[in-house]
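Enquirer: Structure, please.
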Amino acid sequence: MLHELKLIVDLMWEGGIAKQRWSISDTAEYGDYVSGPRVISPDVKESMKAVLADIQSGAFAERFIADQDNGAPEFLELREKEQGHPIEATGKELRGLFAWKQQDSDYVEGSAAR
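Expert: Got it, this is the predicted structure:
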């Protein structure tokens, strides 16, 4: 899975979206054309612009700093919630199937905490 992700990143760097599309099946390419706009809709683009505006205005930093100054209750709650996301359990299972494992010695599986 990581090999495939690295391949996608390499292809994007080498030739952008066109080369990435060149490297996949016609079925996958067709799926990109007809499904991509359904996923990345004008609503998503507007939401992304709103997030960028929060970053540019300083609202994001203000919220983060206020939370951290208050003991990080929102941050810790969000971290705990995301650790229980089904993708974490699926990822753990998939990583267990890899013939190799590359992991930092101080990393605890499934946790973003340091």
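Enquirer: When you work out contacts or count neighbours from here on, use the C-alpha atoms and nothing else.
Expert: OK.
Enquirer: Can you report how many residues lie near Arg21?
Expert: 19 (other CA atoms under 10 Å).
Enquirer: Okay, and it sits in which element?
Expert: Assigning secondary structure by DSSP states H and E places Arg21 in helix 2-22.
Enquirer: What's the mean pLDDT across that helix?
Expert: Averaging pLDDT along helix 2-22 gives 69.
Enquirer: next helix or strand past it?
Expert: Assigned by DSSP H and E, the successor of helix 2-22 is helix 26-39.
Enquirer: From Glu93, how far out is the most centrally placed residue in the chain?
Expert: Relative to the mean C-alpha position of the chain, the nearest C-alpha, by CA atoms, centre = their mean, is the one of Ile87, at 11.2 Å. Per CA to CA, to the nearest Å, Ile87 is found 10 Å from Glu93.
Enquirer: Can you pull the domain assignment for this structure?
Expert: 1-39, 41-100 (automatic domain parsing).
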